[in-house]
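Starting from these lines, generate the structure:
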Amino acid sequence: MAGHSHWAGIKHKKAAVDKKRGKLFSKLAKLIIIAAKEGGGDPEANPKLKNAIEHAKAANMPKENIERAIKRGTGEISGANFEELTYEGYGPQGVAIIIQILTDNRNRTAPEIRKIMEKYGGNLSGSVAWNFEKKGVLVFSLKESGQTEDYLTNLAIEAGAEDIDTSGDILEVITTPEEFQNVRQTFSSIPTLSAEITLRPKTTVKIEDENTAKKILKLLEELEDHDDVQQVYSNYDIPDTLLAQLSQNA
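Down below sits the predicted model:
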């Protein structure tokens, strides 16, 4: 997947959730609850919990909220039981979509997600997971990092990164999930735009029609805004020029 497409997706997602900080905290709390429930309340012995806490801190989630979520996960505090679900389907122009869910009521969530998909010409039929692979991705702005492309590239190679993508000012360092924390630690002193384990598509669908691009972005935004949706992944590839045009017209 082209670097600009991945980063455009990240910016799109952040723009949606930053408008609703309380909703973001709720979603992050669910991640912490699930992680603590599965692997215990010690982040040093539970990588999934450690990663969830890091995301919560990056979003400036209050410390007491984090601690309360951990205790709910370990059973020290009672609360709703959440389950993890994954929905797969297709959006406009056949773009593949994977939706990761945390819900306490799948009978409520499933029809709501289906309705959003159908609203924009999508559906939840078909398997698309084969076209995605789990990777660690660190995203840097060369300008904001204060480093050169060569320096960051060499550092990534020495740290054991799997690949490097560049597009203009943006540089992405791609790792295996197993090496993500080690590579992230190597870059700990350098500001990142994003650092997460994500699903990257093996093949993409190029979107050059403005109306189709609008529908896809609106679909993803509405899915991401749903209370039970944690992550949305897609294999769309919208050119930078079209993204810029859509931003100007928004």
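
My understanding was that residue 238 contacts residue 215; is that so?
No - under the criterion of C-beta atoms under 8 Å, residue 238 makes no contact with residue 215, lying 11.5 Å away. (Glycine included, C-beta is placed from N, CA and C.)

Settle it for me: which of those two has more neighbours?
In this view residue 238 and residue 215 are compared by other C-beta atoms under 10 Å, and residue 238 has more residues nearby, 26 against 20.

per-residue pLDDT, that one?
Residue 238 carries a pLDDT score of 89 in this model.

and if you look at residue 11?
Reported pLDDT for residue 11: 53.

next one: residue 5
The model reports residue 5 with a pLDDT of 50.

same check, this time on residue 113
Residue 113 is given a pLDDT of 97.

Can you report how many residues lie near it?
Neighbour tally, residue 113, other C-beta under 10 Å: 22.

Which neighbours in the sheet does the strand ranked longest in the chain have, and how are they oriented?
In the chain, with assignment by DSSP state E, the single longest strand is strand 132-141. With DSSP bridges as the test, strand 132-141 is paired with strand 170-175 (antiparallel), strand 194-201 (antiparallel).

Quick one: list the elements packing against the longest helix anywhere in the chain.
The longest helix of the chain (DSSP state H) is helix 21-39. Applying 3 or more C-beta pairs under 8 Å, 6 or more residues apart in numbering; DSSP states H and E, we find helix 21-39 packed against helix 3-18, helix 47-58, helix 63-74, strand 96-103, strand 229-234.

Just the buried positions in that helix, please.
24-37, 39 (16 or more other C-beta atoms under 10 Å).

That one to helix 63-74, inter-axis angle?
40 degrees (axes from the mean of the first three to the mean of the last three C-alpha atoms, to 10 degrees).
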